[in-house]
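Novice: Quick one, structure for this:
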Amino acid sequence: MKALLALILLLQLPIHKAVPAAPPAPLGCDDPKSEAAAAAAVNYINGNSHHGYMFTLNRIENIRVLPQGPNNEIIFLELDLLETTCHILSPTPLENCTVRSFTDHAVEGDCDVKLQNTNGQLSVVASKCHSNADSGEDVRQHCPDCALLAAWNDTEVQAAVTEALNDYNSKNGGAYIKLLEIGRAKIQHHPAHIVFVEFAVAATNCSTEEANVETCQLLPDDQSNFGFCTATKVITPSKELQVNCQLYGHQPGVTYSPPGQYTPAGLVPGVVQGFINHNLRLSHNNPLASESFSSEFSASMLSAKSVARRAVAEVAQHDKVPRPVGFVPPPPPCPGKIRHFKI
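Specialist: Alright, predicted model coming up:
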């Protein structure tokens, strides 16, 4: 009888259903965790690029985090990058590299990156990047007389690079240097006719005193000595050539992969037909990146943008409620702040 009474009382107790936990708020693009993931992604991109210049973070456009179990998650990032003045072969740390200015005809990079975060350790799983120069019209609106990027195979550009190399080798002792690649070229027509070129070089097994430089070969990887040159060639109103080259010395582990055919003077013009900037899509290629990754990334980003839109709508709804004086509504999760300038 006592057992039956206890059962009746137990059945009369209120039943509390488990309430599912609310989904976590979307991670903001300017959250320290997002910035750490972006830093790892940029470091990976620069470390796996072999041509052109280092890129730095300008803005985190979007982020999506997918939990994969305890202490394990997948992070999808959409990043805007900007080209710096440091060539990819330079030993200069990225934080000491100057961002290419807007009036210097800036180049923007767009990257989709997939990372894995395991116990706080970030590793890039896949990435897909491309980059392009700002439009000449945008530059001219702010600086009508600024020189614009020119094609590397332009005859004036080729002539300026050749003259600059000959000038340096004729005035400096030591190893004869040879062209690796043209990094940038600009031509100004007014008020003076000037050609500006930047190019990567490397020391050869010849000295500058040797006459037959046609047979000079680049030093092997275990002795390589890369460098970078800038040159300004004034054509009118007077003829003038200024050349500045810096050799970095041997850097263990740093190698250069030729993108095409070479002549003793450097790249065959036809190989770089019409190019005005090094595209990250050409200089950086992760074999794990694929169309399936792009589809996966796009689907994830659509989901992330939906969450972000809901968050913005909620902020807008909350703003209809009277707030204390000085109240500042929280910013939308993404996109993040612009660190330099928007192209």
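Novice: shaky segments in the chain?
Specialist: Along the chain, the model assigns pLDDT under 70 to residues 1-25, 211, 259-273, 284-331.
Novice: domain ranges for it?
Specialist: The chain resolves into domains spanning 32-136+286-316, 151-275 when parsed by automatic domain parsing.
Novice: Buried deepest among the ones you listed, which one?
Specialist: domain 32-136+286-316 (a mean of 18; mean count of other C-beta atoms under 10 Å). In this view, the C-beta of every residue, glycine as well, is placed from N, C-alpha and C.
Novice: Just want the phi and psi numbers for the residue positioned nearest the centre of the chain.
Specialist: With distances taken as C-alpha atoms, centre = their mean, the residue of the chain nearest its centroid is Phe55 (3.4 Å). Backbone geometry at Phe55, expressed as degrees, to the nearest 10, gives phi -110, psi 150.
Novice: From Phe226, how far off is the nearest residue to it once chain neighbours are set aside?
Specialist: Spatial nearest neighbour of Phe55, excluding adjacent residues (C-beta to C-beta, 6 or more residues apart in numbering): Leu81 at 3.9 Å. Leu81 is 23 Å from Phe226, where distance means C-beta to C-beta, to the nearest Å.
Novice: Likewise for Tyr176?
Specialist: From Tyr176 to Phe226 the distance is 14 Å (C-beta to C-beta).
Novice: that older thread, my guess is the residue nearest to Phe55 contacts Thr56. True?
Specialist: Yes: applying C-beta atoms under 8 Å as the test, Leu81 and Thr56 come out as touching, 6.5 Å apart.
Novice: Give me the common contacts of those two.
Specialist: Val42 (C-beta atoms under 8 Å, 6 or more residues apart in numbering).
Novice: Name the helix or strand for Thr162, please.
Specialist: Per DSSP states H and E: Thr162 is located in helix 155-171.
Novice: what's the answer for Leu282, then?
Specialist: Leu282 belongs to helix 280-283 when assigned by DSSP H and E.
Novice: In contact with the closest residue in space to Cys334 that isn't next to it in sequence, which residues?
Specialist: Using C-beta to C-beta, 6+ apart and skipping the chain neighbours, the partner closest in space to Cys334 is Cys29 (4.1 Å). Residues in contact with Cys29 (C-beta under 8 Å, 6+ apart) are 59-63, 333-337.
Novice: in the sheet, who's paired with the nearest residue to Asn279 once chain neighbours are set aside?
Specialist: Excluding the flanking residues, the one nearest Asn279 by C-beta to C-beta, 6+ apart is Ser131, at 5.4 Å. Beta bridges link Ser131 to Gly109 when assigned by DSSP bridges.
Novice: if we can go back for a sec, which strands and helices sit next to the helix holding Thr162?
Specialist: strand 175-188, strand 193-207, strand 226-236, strand 240-249 (3 or more C-beta pairs under 8 Å, 6 or more residues apart in numbering; DSSP states H and E).
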